[in-house]
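Asks: quick check, what structure comes out for this input:
(chains A, B, C and D)
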2 protein chains.
Amino acid sequence: MEYSRRMSGNIHDMASEGWRGPADHIIRGQIMEAADAHFRQFGYGKTTVSGLAGAIGFSKAYIYKFFDSKQAIGEAIAMRHVVEICDAAEKAVKNDKTSPEKLRLLFRSVTKSSVDLFFLERQLYDMVSHAVVEDWHCNRVMNDRMQALVESIVKEGRLSGAFERKTPLDETCRAIRQAMKSFCHPAMLAYNLDNWPKAQNELVNLVLRSLAP
Amino acid sequence: MEYSRRMSGNIHDMASEGWRGPADHIIRGQIMEAADAHFRQFGYGKTTVSGLAGAIGFSKAYIYKFFDSKQAIGEAIAMRHVVEICDAAEKAVKNDKTSPEKLRLLFRSVTKSSVDLFFLERQLYDMVSHAVVEDWHCNRVMNDRMQALVESIVKEGRLSGAFERKTPLDETCRAIRQAMKSFCHPAMLAYNLDNWPKAQNELVNLVLRSLAP
DNA sequence: TGAGTGACTGATATAGATATTAGTCACAAC
DNA sequence: GTTGTGACTAATATCTATATCAGTCACTCA
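Replies: Here you go, the predicted model:
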């Protein structure tokens, strides 16, 4: 299916909340493609379920054979973009760089993805913001993957001797993510649009100094 | 005057933007007291300039002999609370504690003040939020004072040998304030209400590790 | 000349009637 | 049993007429 190719991992484990009927039905993919296009063009609020149904040549009632609600469709689309952001971040750190470099690249990648979404696909950004602010399921997925990524980098850095080993691992990782929230959280992104590369670089420098052995 | 006693420093330098007529006129004080009470009770949006005027026994037109606009009154009130928060912070670090302790106390004080405002005076908090988000004048004042406070603590810590001296002072201070934004910025406060003492403590620990010589 | 105001305007908010929309269900066609 | 829908309801959004409000100004009164 078109849509599942764009997902990493098992799409059903991550995005199947609010789904109805067969998970791999072809119509589900058509609904999601239509939803993606409509959310991009009109935004989440102005998109109607009837419009979605019309776009793929069915009646509105049929949509509800595949999704619990309009929000469930929104979550599925938001999840795709959240997964894209996470995938890009994982790809950015999957190389031969040092642990400090990886941490730097991780946050640069996430912020870059978010800022791009903010500027290039504002309608989608607004929806993803809602997802984060209202703590949709996809937000949990995002947080878990980010936590895991940070943890793996810090662990690696500790093993290689690049990072200190005294502070408890979980505290360190929580604090790092908290520090970076002022760049990653949608509610803050708007205040850092002008000079985020410099400000973020300085913040990562601080984080790396805190990790020094 | 009642109101100026509650200010530290020169109130005219800080809050006189949008003022009209004599700065020390007794009516100005009455307007501000009425405004403070109305903003507390009804919020900024639901408070009317006519209501303010009626409360002190004058007509609405007279108010405009003292303030450019309703927002100017709002700024003056927001400034009072911003100044209170800053004063509390300065008081919290004016003791014989070590520099690391001071940094810890500084951020604890600011967050505490903000959270208290959030819970106890929600209407005022909403107004102060607007002031910060829309970058009113009082926000500049707040930022400048906070920057100065952080800088003085870091400088002192560097002199005493408690903090490292390699990183440029201004970069260090900017990064520290950026890191703490996820607790100080009104847009983020709501997401950290549940466990801010623990999360903030961990973040300050990280900052202090980054400052270690 | 300074203190104070009624009456005015354009912009904004409110309210209530109207129209869309999300979501369900019984049912038809195959 | 699977695919698909028209008709329905309750909730929500949109529209519009009305009222309120921010802000000004010419004016009065002392």
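
Asks: tell me how many other residues crowd residue A:143.
Replies: Look at residue A:143: counted by other Cβ atoms under 10 Å in any protein chain shown, it has 14 neighbours. In this view, the C-beta of every residue, glycine as well, is placed from N, C-alpha and C.

Asks: domain assignment for chain A?
Replies: A:2-69, A:73-211 (automatic domain parsing).

Asks: need the winner for burial among those domains.
Replies: Compared across the domains of chain A, domain A:73-211 shows the largest average neighbour count, a mean of 19 (mean count of other Cβ atoms under 10 Å in any protein chain shown).

Asks: which pLDDT value goes with residue A:103?
Replies: Residue A:103 carries a pLDDT value of 95.

Asks: my guess is residue A:34 is in a helix, correct?
Replies: Yes. Assessed with DSSP: H, G, I helix; E, B strand; the rest coil, residue A:34 lies in a helix.

Asks: now residue A:97: closest residue in space, sequence neighbours ignored.
Replies: Of all residues not flanking residue A:97 in the chain, residue A:105 sits nearest, at 6.7 Å (Cβ to Cβ, 6 or more residues apart in numbering or on different chains).

Asks: state the helix or strand in which the one you found lies.
Replies: helix A:99-120 (DSSP states H and E).

Asks: contacts for that helix?
Replies: Helix A:99-120 is contacted by residues A:81, A:84-85, A:88-89, A:91-93, A:97, A:124-125, A:128, A:146, A:149-150, A:153-154, A:156-157, A:160, A:162-163, A:176, A:180, A:183-184, A:186, A:189-190, A:193, A:196-197, A:200-201, A:204, A:207-208, A:211 when judged by Cβ atoms under 8 Å, 6 or more residues apart in numbering or on different chains.

Asks: and the next element down the chain from it?
Replies: helix A:122-133.

Asks: C-alpha coordinates for the very next helix or strand once past that next one, PDB please?
Replies: Using DSSP H and E, the helix or strand that follows helix A:122-133 in sequence is helix A:137-160. What follows is helix A:137-160 as a C-alpha-only set of coordinates in PDB (Å, rounded to 0.1, in the frame of the first residue of the first chain):
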ATOM      1  CA  HIS A 137      -1.500   9.300  20.600                       C
ATOM      2  CA  CYS A 138       1.000  10.300  18.000                       C
ATOM      3  CA  ASN A 139       2.600  12.600  20.500                       C
ATOM      4  CA  ARG A 140       3.300   9.700  22.800                       C
ATOM      5  CA  VAL A 141       4.900   7.900  19.900                       C
ATOM      6  CA  MET A 142       7.100  10.900  19.100                       C
ATOM      7  CA  ASN A 143       8.100  11.400  22.700                       C
ATOM      8  CA  ASP A 144       9.000   7.700  23.100                       C
ATOM      9  CA  ARG A 145      11.100   7.600  20.000                       C
ATOM     10  CA  MET A 146      12.900  10.800  20.900                       C
ATOM     11  CA  GLN A 147      13.600   9.600  24.400                       C
ATOM     12  CA  ALA A 148      15.000   6.400  23.000                       C
ATOM     13  CA  LEU A 149      17.200   8.300  20.500                       C
ATOM     14  CA  VAL A 150      18.600  10.600  23.100                       C
ATOM     15  CA  GLU A 151      19.200   7.700  25.500                       C
ATOM     16  CA  SER A 152      21.000   5.700  22.800                       C
ATOM     17  CA  ILE A 153      23.300   8.600  22.000                       C
ATOM     18  CA  VAL A 154      24.100   9.400  25.600                       C
ATOM     19  CA  LYS A 155      24.700   5.700  26.400                       C
ATOM     20  CA  GLU A 156      27.000   5.400  23.400                       C
ATOM     21  CA  GLY A 157      28.800   8.600  24.500                       C
ATOM     22  CA  ARG A 158      29.300   7.200  28.000                       C
ATOM     23  CA  LEU A 159      30.700   4.000  26.700                       C
ATOM     24  CA  SER A 160      33.100   5.700  24.400                       C
END
